[in-house]
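turn this into a model:
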Amino acid sequence: MYWFFPENYGFSFRTLRAIGNCHYGQGEFGEIAQVIERIKNDDYNSWCEEWKRMGDKCMDEGADAEKKGNMYTSCFAYNRATSYYHLSQFFLPYDDPQKLPLYFNVLKCFEKGTRLDKPCPERVQIPYESSYLYAYFVPSDNVAEGEKSPCIVWFGGLDSTAEEVYYCIAKDLTRRGMSVLLVDGPGQGASIRLNHIHSRYDYEVAGTAAFDYLVTRSDVDLDRVGLMAWSMGGYYAPRIACFEPRYHALVTYGAIFDYGEVWNARPDNHPMIPYIKWIFNKKTIEEARAEVARCNFRGGELSNIKCPVLICHCDADQQQASRDNAQRLIDGMVNSSDRTFHIFTREEGGCEHVSGDNMSHANAIAGDWFRKIFNIQ
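All right, here's what the predicted structure looks like:
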């Protein structure tokens, strides 16, 4: 990976992702270049301020174009603002007073930016215990009215949001004949920010809630429902598949057999420690580490999985578990009807964390795999 900020992997990786999002209409390279040349290396306040500045500029452009009736121009500006506001809040501590207002800007710009999309994402609520999970349902591009389509249920990772994933994942799936349910699961996106629903090691509770929601829809083929996730979702999604047999296929970008092992190798000043404490609702690092240690498959649960699986490992990934950790995950799925372990190399591309260096290539691999499994013509 090219390091846009010497010695700061986090800044460099998020910049790489921002550039990749240009492909999905969520950025302009020139705007990104303007931002990063103003950010001071290792200065998190500078990071927040400069991305916010560009987000404000694009949101103003969107509002001005809207007043003039130039809706395509307006939507494109709002889509870019969605990305820039997301980046602005990304490294802020969860209790920083700027974090929630910036996230509300993400939601506002996402709603305005996607108004002309066909199909248009539908905001939905998934009943969950005494509350609900936030989600978007995105219909397939090419399903006829009254017909049912295969559906992919998406859960994110440690720090992703459904809005982010809509652009860089969902559109590549819907154009391949699948609808997508983008879920902000426990500890993710709006579900933790607005409903204060924290993460849990037994993520199958959320997975079952998502499937139960699909049962209420008349436009989903319940015999062709897949499950997909990335990053920490490389634990969440396989965990769901272990205990919720109604899912018929599983894909992960990244794979985690033992998340406790991953965090044992990280120091107490790791930049994501505050996130771990927040999403698991723990006050101390020790409590958070103890909760993360429960996220493993050492009890043999993986043998419960019978559906086809595609587990992707990114060979240059500096955030995820090692190849050995990923290999142990797929090796444990001994009863899967079809196991594929795809390793994205530097030569192939898509080798950085969650294939952030070449998302469209990774989506082609996963999307075409789903099309084969679900016999989508």
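
what segments of this structure are strands?
With DSSP state E applied, the chain shows strands at 122-128, 131-138, 149-155, 179-183, 220-230, 249-253, 309-314, 339-344, listed in chain order.

export these to JSON lines and append columns for distance to G30.
Just so you know, the C-beta spots here come from the backbone N, C-alpha and C atoms, and that holds for glycine as well. Listed next are those as JSON lines, based on distance: least, CB to CB, whole Å:
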{"stretch": "strand 122-128", "distance to G30": "32"}
{"stretch": "strand 131-138", "distance to G30": "29"}
{"stretch": "strand 149-155", "distance to G30": "31"}
{"stretch": "strand 179-183", "distance to G30": "29"}
{"stretch": "strand 220-230", "distance to G30": "28"}
{"stretch": "strand 249-253", "distance to G30": "29"}
{"stretch": "strand 309-314", "distance to G30": "28"}
{"stretch": "strand 339-344", "distance to G30": "29"}
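
among those strands, which is nearest N325?
strand 309-314 (9.0 Å; CB to CB).

one step back: tell me which of the strands of the chain sits nearest to A190.
Closest approach to A190 among the strands of the chain is made by strand 131-138 (3.8 Å; CB to CB).

check contacts around the nearest residue to Q125 once chain neighbours are set aside.
In space, and not counting its chain neighbours, Q125 is closest to Y132: 4.2 Å by CB to CB, 6 or more residues apart in numbering. Y132 sits next to Q125, I126, N195 when contact means CB atoms under 8 Å, 6 or more residues apart in numbering.

now, of the residues you listed, which are buried?
With burial judged by 16 or more other CB atoms under 10 Å, the buried subset of the contacts of Y132 is I126, N195.

now pLDDT and distance to I305 too, for the contacts of Y132, in a markdown table please.
Shown next, in a markdown table, are the contacts of Y132 (pLDDT from 0 to 100; distance: CB to CB, whole Å):
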| residue | pLDDT | distance to I305 |
| --- | --- | --- |
| Q125 | 98 | 29 |
| I126 | 98 | 23 |
| N195 | 97 | 29 |
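
so for V262, which of the strands of the chain sits nearest?
So among these, strand 309-314 is nearest, using CB to CB, at 13.6 Å.

now do the closest one and strand 249-253, the angle between them.
Computed by axes from the mean of the first three to the mean of the last three CA atoms, to 10 degrees, the angle separating strand 309-314 from strand 249-253 equals 10 degrees.

and strand 309-314, what does it pack onto?
In terms of contacts (3 or more CB pairs under 8 Å, 6 or more residues apart in numbering; DSSP states H and E), strand 309-314 is packed against helix 233-243, strand 249-253, helix 323-331, strand 339-344, helix 359-373.

CA-only coordinates of it in CSV, if you can.
Once non-C-alpha atoms are left out, strand 309-314 reads as follows in CSV (Å, rounded to 0.1, in the frame of the first residue of the first chain):
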residue,chain,number,x,y,z
VAL,A,309,-18.7,-20.7,2.1
LEU,A,310,-16.3,-18.3,0.4
ILE,A,311,-13.7,-17.0,2.9
CYS,A,312,-11.4,-14.3,1.6
HIS,A,313,-8.0,-13.4,3.1
CYS,A,314,-6.2,-10.2,2.1
